[in-house]
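Asker: With the input below, show me the fold.
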Amino acid sequence: MDRTTHSNNNLSVKSSRLVHFAAVFSPVLVLCLLILGAFNFFGLGAGNDQQWLPIAVLIVTITALAGVVAWSLATTVDSLHRKETELRRSVSLLDVFFEKNPTVLFVKDLEGRYYLANQACRDLVGVSKTDLMGTDGGAHLPSQIIADLRDQDNQVIQTGKALEFFGKLSQQDVPEYFRTLRFPLVDDNGQIYAVGGIATNITDRVEAQKALKESETRFRTLLESAPEAVVISDKQGHISLVNRQTETLFGHSRDELLTMELAALIPDVDLSRYQIATINRENAARNLIHMNGLKPDGEKFPVEVSLSPAPTRDELVIICIIRDITEREQLEEQLRQSQKMEAIGKLTGGMAHDFNNLLGVIMGNLELAERSVLDEKGLTRVQTAKKAALRGAELTKRMLAIARRQPLQPRPTAVNEVIEELVEILPRTLGPDITIERRLGSDLPPVLVDHSGFENVFINLAINARDAMPEGGKLMLETRQQTLGEQDSSVRQGEIAPGSYVHITVTDTGCGMTSKVLSHAFEPFFTTKVRGKGTGLGLAMIYGFVKQSNGHIRIYSEPGEGTSINIYLPTVFRAAPPYESGLRETLTSLQANSDEKILVVDDEVALLEVAVAYLEELGYQVFPATDGHNALDTLSRHPDIDLLLTDVVMPGGMNGVALAAETRKRNPDIHILYTSGFPSSALADKSALAIDAPVLTKPYNLDDLAKHIRVALDKETQAGA
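Answerer: Residues are numbered from 1 along each chain as shown. Below is the predicted model:
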């Protein structure tokens, strides 16, 4: 407590005592005056002439008046003291409020020097009161900050108005953000003499806003980069938010989408179950619904929709995630098609052995009977039956091709050479009203395909083109080398591996196909031709051949514009041998050489008899056997047998492959030729061993047997020479 305060306190005590004295003494004097007056009035004096009474009254009166004045003066002093105390308390509170306020408070003169600054302000600058007062803080703050603060002060001085400023102050690499209200201080004449300021630390708010903005940015990034279309609407279906994929999927701009309703994109959507606020969100989120999306032109496409409610502060919103499943449905359709083809393949493969054995017996006996029938009528009937059996064999072969189980002998093939050879033959098939145009790429690498199957592909395509152009037109054949990469849709969908291919395009200018017909084009037995004009196996057989050759096939067609078939066959880096067309193949000699011996083994006795008759007619010495054990016994008696012709699949514990292996042990120089009614792709499973020699597929005729026997004997003989 300072001296002034102590003096004021003493004065307060003295005045208080004076007041108490005046308050007590004045009534006593008044009372005495009243008593004296009463004595005088009633004549109760001591018997003298009462000369003293006026003097006493005067003294008492003066004394009373002095007491009253003293009391009044003391009261005034006490009142002033109380006011002074209150003022002092107010000043003290104001000083504490200013100094201890956590908000930064300051007053600066017109030159930018601090006149007042509270503790928060000094802590912010990092200086004491004595170091800051009368300075602009330049010794403690960066020059750029001082310049910015001075500029803000000048703006307030120039405008004469309170202004709000936002700024950042970095101390020890930790930025702090402030919002400062600066206002002018004016005197009684309206002149500005200082600038006051109140600065609020808004770092937490700024950081929260930054975090919110970053969160919104992340949300927007995730939303925009989502592979599915995301649409947010209210429970009535009014769209309020979409992402970029929604624009891409539905073909509308973002501005258009925000004015639309969800039902305009997904007509079948039903939001009625989202009309109440209490919803089982978990069950709703799991609900995936297959619907149709709608393009601007009215085109529908399949989508998978997930609807999930999300309550907000104001209302319930619906989060709709939409996935285009067009590609998936196509893949599922391809899978169903593949499974169907696999089922056909298994059925065909299972029937092929027995069916081909029966056909072999029928065809063999008919061919043998044809040579012995003399009358013309009987010969015609035999030939008719023989043609029917050949058609049955061809049908089986086509079904195996469709099921990708046909026996193939792929080898490097020059595509352009095959096309050039076929172009010379096709005009007779197509007729004079259809022209053939070639655009063949140069220096094409060879492809690995079966020759005869590859020729059949072009022949079937040419026949289809001819039927699609009854009034004539143009057939275009194009080839080029093409590399398929990961960006190609067929590679992404797993239809074909990336790599180098020869791209073959066969295009006609015919009637074309509708999208509905196109979707069934490769299905077996599907045809648009009139009854009796087609089996519906042509394109299905081509599809099976291309797939079995590790290739890929696409078809494009428009009604009235024609059809284009695109075939991709993988290239190989081996030179193609000189091309020999299977359509023109001739062998000069199919007869047996002198003393050539053949061991024939087949568990089907009827088919064995046909094979024996064929071989004897060709001039071979034939030794028949019905199983592997009988064959080995025969081989023991005739070790000089030149060729073993054996069925692959036989009962009795020894199949044809095992028999061939045992035969080679006894006679390393013997030649082997297999026969089978099973397709080559199924033989490994049936025999449990790899096929190590050529296979003659049942049913076969005399010419087929003669060619294979001759090739097997001559080729192996030359190899051993």
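Asker: Now Arg244: closest residue in space, sequence neighbours ignored.
Answerer: Glu224 (5.0 Å; C-beta to C-beta, 6 or more residues apart in numbering). In this view, the C-beta of every residue, glycine as well, is placed from N, C-alpha and C.
Asker: what comes up buried for the strand or helix carrying the one you found?
Answerer: Glu224 is part of helix 203-225 when elements are defined by DSSP states H and E. With burial defined by 16 or more other C-beta atoms under 10 Å, the residues of helix 203-225 counted as buried are Val206, Leu223.
Asker: residue ranges with poor pLDDT in the stretch 451-600 of the chain?
Answerer: Applying pLDDT under 70 to the stretch 451-600 of the chain flags residues 489, 493-494, 520, 523-538, 574-594.
Asker: which residues of it fall in helices?
Answerer: Using DSSP state H, counting those that start in this stretch, the helices found in the stretch 451-600 of the chain span residues 451-468, 489-492, 515-518, 538-548.
Asker: Regarding Tyr193, what is its secondary structure?
Answerer: strand (DSSP: H, G, I helix; E, B strand; the rest coil).
Asker: contacting residues around it?
Answerer: By C-beta atoms under 8 Å, 6 or more residues apart in numbering, the contact list for Tyr193 reads Asp109, Leu110, Leu185, Val186, Asp187.
Asker: I'd like to know the beta-bridge partner residues of the third one.
Answerer: What it means is Leu185. Legend: beta-bridge partners of Leu185 under DSSP bridges are Ala194.
Asker: With Ile319 as the reference, name the closest of the helices of the stretch 451-600 of the chain.
Answerer: helix 489-492 (28.6 Å; C-beta to C-beta).
Asker: Next one, pLDDT for Ser636 please.
Answerer: pLDDT for Ser636: 91.
Asker: What's the local residue count around it?
Answerer: 9 (other C-beta atoms under 10 Å).
Asker: Renumber starting at 419 from here on
Answerer: In the new count, where the first residue is 419, that last one comes out as Ser1054.
Asker: which ones are touching it?
Answerer: Ser1054 neighbours (C-beta under 8 Å, 6+ apart): Arg1084.
Asker: got it, and the one 3 residues further on?
Answerer: Shown in contact with Pro1057 (C-beta under 8 Å, 6+ apart): Arg1084, Asn1085.
Asker: for the stretch 719-868 of the chain, what spans make up the helices?
Answerer: Per DSSP H, counting those that start in this stretch, the stretch 719-868 of the chain carries helices over the ranges 744-790, 794-820, 833-841, 844-848.
Asker: out of these, which comes closest to Lys892?
Answerer: Using C-beta to C-beta, the nearest of the helices of the stretch 719-868 of the chain to Lys892 is helix 844-848, at 10.5 Å.
Asker: contacting residues around the closest one?
Answerer: Ile852, Ile854, Phe876, Ile877, Ala880, Ile881, Ala883, Arg884, Leu893.
Asker: State the mean pLDDT of that helix.
Answerer: 78.
Asker: Quick test: name the residue nearest the centre of this structure.
Answerer: Pro645 (4.4 Å; C-alpha atoms, centre = their mean).
Asker: Tell me the secondary structure at the closest residue to that residue other than its chain neighbours.
Answerer: Nearest residue to Pro645 in three dimensions, chain neighbours excluded: Gln663, at 6.6 Å (C-beta to C-beta, 6+ apart). Under three-state DSSP, Gln663 falls in the helix class.
Asker: What is the neighbour count of Gln663?
Answerer: The number of residues packed near Gln663 is 20, by other C-beta under 10 Å.
Asker: wouldn't it be in contact with Ala647 here?
Answerer: Yes - assessed by C-beta atoms under 8 Å, Gln663 is found in contact with Ala647 at 4.7 Å.
Asker: Give me the nearest residue to Ala883, chain neighbours excluded.
Answerer: Closest to Ala883 by C-beta to C-beta, 6+ apart is Asp926, at 3.8 Å.
Asker: ok, now which ones touch that neighbour?
Answerer: Contacts of Asp926 (C-beta under 8 Å, 6+ apart): Asn882, Ala883, Ala886, Met887, Gly891, Lys892, Leu893, Met894, Gly980, Thr981.
Asker: Would you format the residues you listed as JSON lines with distance to Thr802 and neighbour count included?
Answerer: JSON lines is the format used below for these (distance: C-beta to C-beta, whole Å; neighbours: other C-beta atoms under 10 Å):
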{"residue": "Asn882", "distance to Thr802": "28", "neighbour count": "21"}
{"residue": "Ala883", "distance to Thr802": "31", "neighbour count": "25"}
{"residue": "Ala886", "distance to Thr802": "32", "neighbour count": "20"}
{"residue": "Met887", "distance to Thr802": "33", "neighbour count": "20"}
{"residue": "Gly891", "distance to Thr802": "36", "neighbour count": "19"}
{"residue": "Lys892", "distance to Thr802": "39", "neighbour count": "15"}
{"residue": "Leu893", "distance to Thr802": "34", "neighbour count": "25"}
{"residue": "Met894", "distance to Thr802": "40", "neighbour count": "18"}
{"residue": "Gly980", "distance to Thr802": "39", "neighbour count": "22"}
{"residue": "Thr981", "distance to Thr802": "36", "neighbour count": "22"}
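Asker: Stretch 1052-1060: end-to-end distance?
Answerer: 13 Å (C-alpha to C-alpha, to the nearest Å).
Asker: so how far is that stretch from its chain's centroid?
Answerer: Put simply, stretch 1052-1060 sits 68 Å off its chain's centre (C-alpha atoms, centre = their mean, to the nearest Å).
Asker: buried ones in that stretch?
Answerer: By neighbour count on 16+ other C-beta under 10 Å, the buried set for stretch 1052-1060 is Thr1052, Leu1053, Ile1059, Asp1060.
Asker: where does Ser1054 land in three-state SS?
Answerer: From three-state DSSP, the assignment for Ser1054 is helix.
Asker: Report how many residues lie close to Thr1115.
Answerer: Thr1115: 23 neighbours (other C-beta under 10 Å).
Asker: isn't it right next to Val1066, touching?
Answerer: No - applying C-beta under 8 Å as the test, Thr1115 and Val1066 come out as separate, 10.6 Å apart.
Asker: Next, show the common contact partners of the two.
Answerer: Contacts common to Thr1115 and Val1066, judged by C-beta under 8 Å, 6+ apart, are Thr1093, Ser1094.
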